[in-house]
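Q: how does the following fold in three dimensions:
(2 chains, ligands or ions: 2)
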Amino acid sequence: MNTKNTLKTTAALLGLGLLLTGCAQDGANATGAAASESPATQASSLQASETWAKAAQTGMTAAFGVLHNAGSTDIELAKVEDQAGNVIQIHETTGTGTDAKMSQLDGALKIEAGKDAVLEPGGTHLMYMDLKAPLVASETASLTLSFSDGSSTEVPFEVRNFTGAKESYENHGGMDHGSMDHESMNHDG
Amino acid sequence: MLLGTSAAAALGGVLAGFGTSQAVAGPATAAAPAQQGPQYLPFHGKYQSGILDAPQAHAVFVGWNLNWRDGGKKDQLRSLLKMITDDAQRLTAGRGVLADTEAEMAAGPSDLTLTVGVGQSLLDVMGGAKVGTLPGFAGDKLHKRYGQSDLLIQFCGQDPTVLAHAVRAVSKNLRGLADKQFIQRGFMHQRGSGDTFRNLFGQVDGVNNPQGETRELAVFGTPDQPSWIANGTTLALRRFEMDLEGWDEVATSGRDFALGRRQSDGSPLTGSVPEDPVDLDAVNEVGLPVIGANSHVALAMPRSAQEAIHRRGYNFVDVEASGLLFASYQRDPATSFIPLQRRLAEADLLNTWLTPRGSALYAILPGIEPGMYLGQQLLG
Ligand code: HEM
Ligand SMILES: [Cu+2]
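A: Ligands and ions are numbered 1, 2, ... in the order given. Here you go, the predicted structure:
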């Protein structure tokens, strides 16, 4: 998984940073490379938009956004890492209401050609298991998304205040909170 | 900051309308926008929106003070301004901000504008530029909470629900990073009534506001003589309580004399329609000035092009008080707003029914192109 073949993309992303997230107004919502070059890697098919992470001091927190597969073949998000060496898992939510549980996805997150994976509170999300340093609102967290073909790309996630998903991450550990809120869903992480 | 001679001449030419003989067509018609429904106003451009535009029906002025963390203040301010920029471009386009839990409320064109300014405290962090703070004025009975803050955002729009969401969304994103010092809500007539509105004294307000190119010059100056930064300007925000009970006791003639214009239609006492010139030299049968020297318009009238300001104030009604959220944009407050306000504070006949409660001055950041953030011209 060490083959970083997306240097160009990464540089562009770092340079443009947050501002791309604001451009979706005119339809340019991509923070990934378009799948124009061939042979296309999975990473180059990714267009990430509306990406944000929940501010937190310590412990667990999560990142969200829309991952669009602009390519013509399916892609599989296999691994998420960052510079700080945080453990970041791909979580899914199963069941509804009081039975809803969040757990680590079995295997990779598959995004079909032309489709979106929507990462959102109460649904699939990228979960920081135990922050090594605070995620401060207004700053940008950069995540390296690696795919099953070994390609990877770096995506900026804007850190924002979000109280909606707070309790669940604090109460991580499989306790039953008996609430329908996303924030009190069980984590079987 | 003084105007060079050439720039002053340029301003002077365009500002001819400020003399006692206003020759040009009436201000009320000059910049009246074509009648159309609310839109999504552009966020990007040479200047920030919400300044030269016809005033929207509703406004919320929110002041924040920053909470600094360890580490460089410049970096913290930069990321905060990036976030506000992102919020503003989303909201003005009818979209929720990132992490918005009520993005639905952002939808619908409402002429929403967010106009961002910083106090001298933040300008110091950005390095260099000076706009200063407002001095005290005669008669000030200020409430601390309506005083100077680090950061100011003027939210304006036609729809109070969309506006409330915008204020809330930005406030949520700033939670922890900054504390709200004040939130001041104002209202005026709907768009379509031109730039004038009835203030709570019942007066037609805004008649002699500079229009068109004159307004642009008064607010942003010229490339040779810009404001504190090219395409930026300053905002003076003063909160005036009105003694409406006392005002009730004043006869129409007394009201009109205190202002120098008629309450009925806004026409000057030296004319018959609002557009007629305010003639300070005119005298009546017994040789007394028709417009008293201490009337509001006599004292407020710019003495030179450098004194010109663009007023964009709003009425307010609170539980405790009502009045005017006076807001004016000007190139250089030291040559315009401050001397003007001094003159008024010392002698204006309207002062009998006015109590200044708030006073603050902001450096309004220059406009930006897509891909930039507000303040980037200073923070790099
Ligand atoms: C609650 C306080 C105030 C009220 C109710 C008020 C009301 C008015 C009204 C009704 C007019 C006449 C119509 C017009 O030309 O817009 C006027 C004119 C004006 N006011 Fe005020 N005003 C207030 C405070 C101020 C302050 C603080 C300033 C500046 C420091 C100011 C500056 C001006 C100027 C420049 C004019 C235009 C004068 C001219 O060239 O004819 N006003 N104001
Ligand atoms: Cu989770």
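
Q: what comes up buried for stretch A:52-69?
A: With burial defined by 16 or more other C-beta atoms under 10 Å in any protein chain shown, the residues of stretch A:52-69 counted as buried are A:52-56, A:60-69. Backbone N, C-alpha and C define where each C-beta goes, glycine included.

Q: mind checking which of those residues are in strands?
A: Judged by DSSP state E, the subset of these located in strands is A:52, A:53, A:54, A:61, A:62, A:63, A:64, A:65, A:66, A:67, A:68, A:69.

Q: in JSON lines, list the residues you listed along with distance to residue B:354 and pLDDT.
A: As requested, these are exported to JSON lines (distance: C-beta to C-beta, whole Å; pLDDT from 0 to 100):
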{"residue": "A:52", "distance to residue B:354": "46", "pLDDT": "98"}
{"residue": "A:53", "distance to residue B:354": "49", "pLDDT": "98"}
{"residue": "A:54", "distance to residue B:354": "47", "pLDDT": "97"}
{"residue": "A:61", "distance to residue B:354": "51", "pLDDT": "95"}
{"residue": "A:62", "distance to residue B:354": "53", "pLDDT": "96"}
{"residue": "A:63", "distance to residue B:354": "52", "pLDDT": "97"}
{"residue": "A:64", "distance to residue B:354": "50", "pLDDT": "97"}
{"residue": "A:65", "distance to residue B:354": "52", "pLDDT": "98"}
{"residue": "A:66", "distance to residue B:354": "53", "pLDDT": "98"}
{"residue": "A:67", "distance to residue B:354": "58", "pLDDT": "98"}
{"residue": "A:68", "distance to residue B:354": "57", "pLDDT": "98"}
{"residue": "A:69", "distance to residue B:354": "63", "pLDDT": "98"}
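
Q: ok, those vs residue B:319, which is closest?
A: Closest approach between these and residue B:319, by C-beta to C-beta: residue A:54, at 36.4 Å.

Q: that closest one touches residue B:99, doesn't it?
A: Yes - contact criterion C-beta atoms under 8 Å: residue A:54 and residue B:99 qualify, at 7.4 Å.

Q: what residues do these two have in common as contacts?
A: Overlap between the contact sets of residue A:54 and residue B:99, as judged by C-beta atoms under 8 Å, 6 or more residues apart in numbering or on different chains, is given by A:64, A:160, A:161, A:162.

Q: residues touching the first one, list them.
A: Residue A:64 is in contact with A:50, A:51, A:52, A:53, A:54, A:119, A:120, A:121, A:125, A:126, A:157, B:99, counting by C-beta under 8 Å, 6+ apart.

Q: in the sheet, who's paired with the fourth one?
A: Translated: residue A:53. With DSSP bridges applied, the residues forming beta bridges to residue A:53 are residue A:63, residue A:159.

Q: in chain B, where's the longest helix?
A: Secondary structure of chain B per DSSP state H: the longest helix is helix B:73-92.

Q: how about that helix: buried residues?
A: Buried positions in helix B:73-92, judged by neighbour count with 16+ other C-beta under 10 Å: B:76-92.

Q: strands of the chain, start to end?
A: Chain wasn't specified; assuming chain A. Listed in chain order, the strands of chain A (DSSP E) span A:46-54, A:61-69, A:75-81, A:88-94, A:101-104, A:109-111, A:116-119, A:125-128, A:140-147, A:152-160, A:186-187.

Q: ah, no, chain B please
A: Along chain B, counting by DSSP E, strands occupy B:58-66, B:113-118, B:151-157, B:178-187, B:197-198, B:204-205, B:233-242, B:310-311, B:314-317, B:322-330, B:354-364.

Q: pick out the residue of the stretch 151-300 of chain B closest to ligand 2.
A: Going by C-beta to the ion, ligand 2 is nearest to residue B:172 of the stretch 151-300 of chain B, at 22.1 Å.

Q: actually, the stretch 101-250 of chain B.
A: When distances are taken as C-beta to the ion, the stretch 101-250 of chain B approaches ligand 2 most closely through residue B:101, which lies 18.3 Å from it.

Q: worst-scoring helix or strand of chain B, pLDDT-wise?
A: Among the helical and strand segments of chain B, the one scoring lowest on mean pLDDT, DSSP states H and E is helix B:27-30, with a mean of 38.

Q: from residue A:94, how far out is residue A:106?
A: Noted for residue A:106: a distance of 11 Å to residue A:94, by C-beta to C-beta, to the nearest Å.

Q: about what we covered before: would JSON lines of the strands of chain B with mean pLDDT, distance to ligand 1 and mean neighbour count be doable?
A: Shown next, in JSON lines, are the strands of chain B (pLDDT from 0 to 100; distance: least, C-beta to the nearest ligand atom, whole Å; neighbours: other C-beta atoms under 10 Å in any protein chain shown):
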{"stretch": "strand B:58-66", "mean pLDDT": "98", "distance to ligand 1": "15", "mean neighbour count": "23"}
{"stretch": "strand B:113-118", "mean pLDDT": "98", "distance to ligand 1": "18", "mean neighbour count": "25"}
{"stretch": "strand B:151-157", "mean pLDDT": "98", "distance to ligand 1": "17", "mean neighbour count": "26"}
{"stretch": "strand B:178-187", "mean pLDDT": "98", "distance to ligand 1": "12", "mean neighbour count": "18"}
{"stretch": "strand B:197-198", "mean pLDDT": "95", "distance to ligand 1": "9", "mean neighbour count": "18"}
{"stretch": "strand B:204-205", "mean pLDDT": "96", "distance to ligand 1": "4", "mean neighbour count": "22"}
{"stretch": "strand B:233-242", "mean pLDDT": "98", "distance to ligand 1": "4", "mean neighbour count": "24"}
{"stretch": "strand B:310-311", "mean pLDDT": "98", "distance to ligand 1": "6", "mean neighbour count": "22"}
{"stretch": "strand B:314-317", "mean pLDDT": "98", "distance to ligand 1": "9", "mean neighbour count": "20"}
{"stretch": "strand B:322-330", "mean pLDDT": "98", "distance to ligand 1": "4", "mean neighbour count": "24"}
{"stretch": "strand B:354-364", "mean pLDDT": "98", "distance to ligand 1": "5", "mean neighbour count": "24"}
